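> build the 3D model from these lines:
(chains A, B and C)
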Amino acid sequence: MGVEQKLGNLGIVTLKLEQAVNWSRTYAMWPMLFGLACCAIEMMSAQAGTYDMSRFGMELMRPSPRQSDLMIVAGRVSRKMAPVLRRLYDQMPDPKWVVSMGDCASCGGIFNNYAIVQGVDEIVPVDVYVAGCPPRPEALIHGILTLHEKVRGEKIGDWA
Amino acid sequence: MTDVEGAVAVLKANLGEGFVAREDFRGQVSVEVKPEVLVPAARVLLHEQGFDLLAGLTASDAWPSEPRFSLIYAFYSQVSNVFLRFRVRLPGNAPEIDSLEPVYPAANWHEREVYDMFGVTFRGHSDLRRILMPFDWVGYPLRKDHPLGYEEVQFSFNFDEIDKRKPYARD
Amino acid sequence: MPTSTLEITVDELKHLVSDRALQGETMLLNMGPQHPSTHGVLRLLLELDGERIVNCIPDIGFLHTGIEKNMEAKTYTKASVMTDRMDYLNTMGNILVYILAIEKLVELDVPPRAQAVRVILTELQRIASHLVWLATHALDLAAMSVFLYCFREREVILDVLEMCSGQRMMTSYFRPGGLWRDVPAEFVPAVRTILESFPARIRQYEGLLTGNPLWIDRTRGIGVVSADDALRLGLTGPSLRGSGPNLDMRKVQPYSGYEQYEFDVPTGSHGDVYDRYLCRMEEMRQSLRIVEQALARLPEGPVISDNRKFVPPPRSELGVSMEALIHHFKLWTEGFSAPPGGVFVPVESPRGLLACYLEGDGGPKPHRVHFRTPSFANMQALPVLSRGCLVADLVGIIGSLDIVLGDVDR
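As a prediction, this is how the structure comes out:
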């Protein structure tokens, strides 16, 4: 920062490579459209006008895994859907993050039975868990911002 | 125009022995019929009595008492605005019955669901395979002797031991 | 981890596809469980001849939750929580049908104030559900601004639901015998605000879509089904009424006081996507009419039955009455018991005929709960409706059937 003070107002900013890359990753993180059940409706509400997620950089929801960085698992994952989920996660290019939205994705929720995977972290590694049934759009946004903080704290050694 | 009493009387006349009993409960009428006469009875309802909508098809398991399975059919007539239910009791562990699909095409997926959940085979169904469970699932989930399949809840006292057993994806 | 469910071999499905597919003339395309236009996790196997669909085979079950079996393991009141999660856009309607079935089974009466509030909230939920239908249907057919407007409107309705019950979507506000608690003081002014502002909004959506030549091109003459075919295939609700038959459970088998309210049931004549769209838009207006009437004559009185065998006593009574304490204890530890026997209760959900078949066995847990859900029955008609249309039209047809996958798979 001493260089900036000497150079004055030349329009140059100096920062570490980590900060630059992490900053750019958080500000244009595109979620993949993976709404499964009720939480998907709250995710859509979070994307719509009242609780706008585009102000945090998530303007588009790309249905294609090849074009997205963030998978928000919104809803209950049944045993029939589990291999599909894993396949989509594998198709996403690095760097990728997973937000487990809602109780059913985090731990199986109220459905402790034969048909629901008890927590999506049995299938994909999760970065942020958002609790709620369904979580309010504000809770989802809080979860996304927590993920942004986590990404900003990543070190060069952890990068994919 | 027909009402429930008229329909029940016609069924009794047509089915003879196949008509087992009539149950009245909470103002709703349910007729128990034998499995062999189900399709002829449904034909009578559809063509002669005007019950044009199959409002529901499900099953119930009364294990361990026999006969074990009860198939419940619900019919609705638009012209007379009445609901009528059938109950068909099926014994044993691998029950079979004729499919209702030729008479009411709406029974297609309902019968697939009953096959998937209870293991009742419908003879003459166009496409009897599992609909809700994965195609290689073993067992019929809604039977009473199929376990619920829940996992033990992690409380603080057993947190670590369950944590070791749980298959996390550490990628 | 099971082998991928996507790899069902051709042998098992040979009977479903035509011979042309097996010879390689037509193409088999998988419109997978994760797709922006399938409104959830629905998998469609399309047999395509160029862009035309020869056959469409739906593969459901990717959201199967085992709700019916799970409800058999819980007491009647605790199991009502699970009903919200089935058709998650019509949460009030789902719990209403289950609670009506319980009340019929145990012969429990409901005070008129509770019935009126139930009607108001169910009709508001119907409007909210139709708003999401319009938002996703229009989004699929490339009218994205409607999506943003509809969700803005829906927030206002969800605020009312949250004000009553504390939760936006999974409210669990109805209990056997009435409601959980009385509506707060801000409820009536809030609903009146909705009644004043909504008609203009509905006119706005109609102005955007109804006369729009692009919209008409994409929806007229698509997915036509005749009235007889529709009924035989098991279609109900606006999907059936778009073809002509005037079948609405609120009119023919009234429940919860619907017979007191005056409203029309819109029907179409062509049975195509456009007529179903018009039916649902008009239904939103009729729901506002019902809410207005119910709000105008909202009776005073208790909001839950006082039959202490099924309804817990208020906390204030516990300190003074021994019977109240015993009832409270019995209801909280074991729950009330229902007699053996089965009841079948139909209601009108925004998607069609929703019915609950409830069997008791004398104990505190239901012996068998089955929900005849409209989306499950309506999906059967999809192969018939989509034969011969283009892939782009298929998206419109799925939208017009108003399918919610939680409803289909339970």
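
> going by C-alpha atoms from here, please, whenever you check contacts or count neighbours.
OK.

> all strands of chain B, in order?
Under the criterion DSSP state E, chain B contains strands at B:19-25, B:28-33, B:53-61, B:69-77, B:82-90, B:96-98, B:121-123.

> how about the residues of chain B near chain A?
Contacts of chain B with chain A, taken as C-alpha under 8 Å from any C-alpha of the partner chain, map to B:133-134, B:147-151, B:166-171.

> can you give me the neighbour number for the residue in chain B positioned nearest to chain C?
When C-alpha to the nearest C-alpha is the measure, chain B has its nearest residue to chain C at B:Leu132, with 3.9 Å between them. With neighbours defined by other C-alpha atoms under 10 Å in any protein chain shown, the count for B:Leu132 comes to 23.

> report the rounded mean pLDDT for stretch C:58-68.
Taken as a whole, stretch C:58-68 carries a mean pLDDT of 89.

> touching chain A at all, that stretch?
Yes: under the criterion of C-alpha under 8 Å from any C-alpha, stretch C:58-68 makes contact with chain A via C:Gly61, C:Phe62, C:Leu63, C:His64, C:Thr65, C:Gly66, C:Ile67.

> now B:Asp116: how far from chain A?
When C-alpha to the nearest C-alpha, to the nearest Å is applied, the distance between B:Asp116 and chain A equals 13 Å.

> what about the helices in chain B?
Taking DSSP state H as the test, the helices found in chain B are B:4-15, B:38-43, B:107-118, B:159-165.

> do the same with chain A
Counting by DSSP H, the helices of chain A are A:2-7, A:17-27, A:38-47, A:82-91, A:103-107, A:137-152.

> from the residues of chain B next to chain A, which has minimum pLDDT?
Of all of those, B:Asp171 carries the lowest confidence score, 59.

> average pLDDT across stretch A:24-38?
For stretch A:24-38, the mean confidence score works out to 85.

> start to end distance for that stretch?
According to C-alpha to C-alpha, to the nearest Å, stretch A:24-38 extends 31 Å from its N-terminal end residue to its C-terminal end residue.

> how about residues contacting that stretch?
A:40-41, A:43, A:56-65, A:67-77, A:134, A:148, A:151-152, C:34, C:36, C:40-41, C:63, C:85, C:88-89, C:405-406 (C-alpha atoms under 8 Å, 6 or more residues apart in numbering or on different chains).

> which one of the helices of chain A is the most hemmed in?
With neighbours taken as mean count of other C-alpha atoms under 10 Å in any protein chain shown, the helices of chain A reach their highest mean count in helix A:103-107, at a mean of 26.

> which elements pack onto that one?
Using 3 or more C-alpha pairs under 8 Å, 6 or more residues apart in numbering or on different chains; DSSP states H and E as the contact criterion, the elements in contact with helix A:103-107 are strand A:128-130.

> partner strands of the strand it packs on, parallel or antiparallel?
As defined by DSSP bridges, the strand partners of strand A:128-130 come to strand A:97-101 (parallel).

> tilt between the partner strand and helix A:137-152?
On the basis of axes from the mean of the first three to the mean of the last three C-alpha atoms, to 10 degrees, strand A:97-101 is oriented at 160 degrees to helix A:137-152.

> pLDDT below threshold where in the chain?
If you meant another chain, say so; for now it's chain A. Where chain A drops to pLDDT under 70, the residues are A:1-9, A:160.

> hmm, I had chain B in mind actually
B:1-2, B:170-171.

> same check, this time on the stretch 201-350 of chain C
Applying pLDDT under 70 to the predicted model, the stretch 201-350 of chain C contains no residue that meets it.

> how about the residues of it by chain B?
C:Leu231, C:Arg232, C:Leu233, C:Gly234, C:Leu247, C:Val252, C:Gln253, C:Gly341, C:Gly342, C:Val343, C:Phe344.

> which one of the residues of chain B next to chain A has the most neighbours?
If you count neighbours using other C-alpha under 10 Å, the busiest of the residues of chain B next to chain A is B:Met133, which has 27 neighbours.

> how many neighbouring residues does the nearest residue to it once chain neighbours are set aside have?
The spatial neighbour of B:Met133 that comes closest, neighbours along the chain excluded (C-alpha to C-alpha, 6 or more residues apart in numbering or on different chains), is C:Gly61 at 6.0 Å. Close neighbours of C:Gly61, defined as other C-alpha under 10 Å, add up to 26.

> contact residues of chain C facing chain A?
Taking C-alpha under 8 Å from any C-alpha as the contact definition, chain C meets chain A at C:1-6, C:33-36, C:40-41, C:61-67, C:70, C:82, C:85, C:88-89, C:147-149, C:151-152, C:155, C:169-170, C:405-406.

> may I see the PyMOL selection of the buried members of those?
Here is the PyMOL command that selects only those of the residues of chain C next to chain A that count as buried (16 or more other C-alpha atoms under 10 Å in any protein chain shown):
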select buried, chain C and resi 33+34+35+36+40+41+61+62+63+64+65+66+67+70+82+85+88+89+147+148+149+151+152+155+169+170+405+406
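
> the residues of chain C next to chain A in strands, which ones?
Secondary structure assignment (DSSP E) places none of these within strands.

> what about stretch B:144-157, start to end distance?
Start to finish, the residues bounding stretch B:144-157 are 32 Å apart (C-alpha to C-alpha).

> near chain C at all, that stretch?
Yes: applying C-alpha under 8 Å from any C-alpha, one finds stretch B:144-157 in contact with chain C at B:Leu148.

> which residues touch that stretch?
Applying C-alpha under 8 Å, 6+ apart, the external contacts of stretch B:144-157 come out as A:112-114, A:118, B:61-63, B:139-141, B:162, C:69-70.

> could I get those residues as CSV with distance to B:Gly27?
As requested, the contacts of stretch B:144-157 are exported to CSV (distance: C-alpha to C-alpha, whole Å):
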residue, distance to B:Gly27
A:Asn112, 36
A:Asn113, 35
A:Tyr114, 36
A:Gln118, 42
B:Asp61, 24
B:Ala62, 23
B:Trp63, 27
B:Gly139, 36
B:Tyr140, 33
B:Pro141, 32
B:Ile162, 51
C:Lys69, 27
C:Asn70, 28
